[in-house]
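S.K.: no sequence on hand, only this structure:
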Ligand code: VGL
Ligand code: ZN
């Protein structure tokens, strides 16, 4: 018996045009995601949720520009403009997202010293968010991923879901990519290697 959850990743104002880390076309996918959500009994949302002064913000690294990388104790970290600050409008779900029946909201990136792209593990790849246990305890076998951004939070969420033993599908037309230096194509290649279905 398969049991599927639709995982809607980071559909927040800051990742849509007008936001602080806008992903091109980010708002265009909301209507499709709303339709997909109606077709799924079980839906979980993730919400990027950073304290002021988060270590992934370029503003915390004098002399470093957004979209460059620095070495952190847990590995290389891309620096971002300040975004999805706890309690800000930018951190709210996009105003056109309409998923009242979502069963859980997983917030991530709330520890100041570590970022979390994946909905399952922080960027050290070991600190769990708890979502894996939650989905397993509820008997889910399959995870369908949509949302933002294709090559960051959707990518790492899908890959970690697969590592945790779920069957994973990503619906690319219900995502948009940041695409820093080929990251969208790396993502497609990585999905192929890992047996993640890209629709
Ligand atoms: C994301 C960069 C920083 C994402 C979140 O949702 O893909 N990307 N924080
Ligand atoms: Zn973030």
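M.R.: Okay, I see it. Everything numeric in this text was worked out from a predicted model, so none of it was measured. Ligands and ions are numbered 1, 2, ... in the order given.

S.K.: from residue 69, how far off is residue 53?
M.R.: Residue 53 is 19 Å from residue 69, where distance means Cβ to Cβ, to the nearest Å. Just so you know, the C-beta spots here come from the backbone N, C-alpha and C atoms, and that holds for glycine as well.

S.K.: tally of neighbours for residue 68?
M.R.: Around residue 68 there are 12 other residues, counting by other Cβ atoms under 10 Å.

S.K.: hmm, residue 79 and it touching each other?
M.R.: Yes - Residue 68 lies in contact with residue 79 (Cβ atoms under 8 Å); the separation is 5.7 Å.

S.K.: the residue nearest in space to the middle of the chain: what's it in contact with?
M.R.: Taking Cα atoms, centre = their mean, the centroid of the chain lies closest to residue 153, which sits 2.9 Å from it. Neighbouring residues of residue 153 by Cβ atoms under 8 Å, 6 or more residues apart in numbering: 9, 10, 46, 48, 117, 118, 119, 147.

S.K.: pLDDT at the second one, what is it?
M.R.: Meaning residue 10. According to the prediction, residue 10 has pLDDT 98.

S.K.: what's the following helix or strand after the top helix by length along the chain?
M.R.: Determined from DSSP state H, the single longest helix within the chain is helix 183-194. Next helix or strand after helix 183-194 toward the C-terminus (DSSP states H and E): strand 197-198.

S.K.: near ligand 1, which residues of the protein are found?
M.R.: Within the chain, the residues that sit near ligand 1 (Cβ under 6 Å from any ligand atom) are 10, 15, 48, 80, 117, 148, 149, 152, 153.

S.K.: how close does the second one sit to ligand 2?
M.R.: Spelled out, that is residue 15. As judged by Cβ to the ion, to the nearest Å, residue 15 and ligand 2 stand 9 Å apart.

S.K.: again, but for residue 43
M.R.: Applying Cβ to the ion to residue 43 and ligand 2 gives a distance of 21 Å.

S.K.: now residue 35
M.R.: Note on residue 35: its distance to ligand 2, by Cβ to the ion, is 26 Å.
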